[in-house]
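Asks: Predicted coordinates and the sequence they were generated for:
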Amino acid sequence: MTAAKFERSREALVKDFSDVLVEAESLLKQAARETGDKATDLRSQVEAKLRTAKLRLGELQDEALDSAKAAARVTDDYVHDNPWQAIGVSAAIGFLVGLVIARR
């Protein structure tokens, strides 16, 4: 998953959750005013919407996990194919971190 695709998915998820929360709030307010079967029906609608949002969040979590695993595999392959470059980059990063820490 590319960064742009992940960002679009994240934005869509945030919008979906925002919409679900607005609808759930509205339905809960209606349920508070209603009694009996209508209130039960409204509560069921809220539960259904929250279940849907939870499933969507799980899907996005799975996509993010798959993406992280793929990135780890690519990194592992690169390090195995180019060990000296990986050592050089790691040493440079360590040196820079050391400089930053020493300045404090």
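Replies: Yep, it's here.
Asks: mean confidence for stretch 67-75?
Replies: For stretch 67-75, mean pLDDT is 89.
Asks: Report the backbone C-alpha coordinates of that stretch in CSV.
Replies: Output of stretch 67-75 as CSV, limited to C-alpha atoms (Å, rounded to 0.1, in the frame of the first residue of the first chain):
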residue,chain,number,x,y,z
SER,A,67,1.7,-3.1,4.5
ALA,A,68,4.1,-3.0,7.5
LYS,A,69,4.9,-6.7,7.0
ALA,A,70,5.6,-6.1,3.3
ALA,A,71,7.9,-3.2,4.2
ALA,A,72,9.8,-5.3,6.7
ARG,A,73,10.2,-8.0,4.1
VAL,A,74,11.6,-5.5,1.6
THR,A,75,14.0,-4.1,4.2
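Asks: Please tell me how far that stretch is from the chain's geometric centre.
Replies: On the basis of C-alpha atoms, centre = their mean, to the nearest Å, stretch 67-75 sits 16 Å off its chain's mean C-alpha point.
Asks: contacting residues for residue 31?
Replies: With contact set as C-beta atoms under 8 Å, 6 or more residues apart in numbering, residue 31 has these partners: 39, 42, 43, 46. To be clear about C-beta, it is placed using only N, CA and C from the backbone, and glycine gets the same treatment.
Asks: closest to residue 29 among these?
Replies: residue 42 (9.3 Å; C-beta to C-beta).
Asks: from memory the closest one sits against residue 34, does it?
Replies: Yes - contact criterion C-beta atoms under 8 Å: residue 42 and residue 34 qualify, at 6.4 Å.
Asks: okay, these two: which has more neighbours?
Replies: Higher neighbour count among residue 42 and residue 34: residue 42, with 19 against 14, using other C-beta atoms under 10 Å.
Asks: That one: what's its closest spatial neighbour, skipping adjacent residues?
Replies: residue 31 (3.9 Å; C-beta to C-beta, 6 or more residues apart in numbering).
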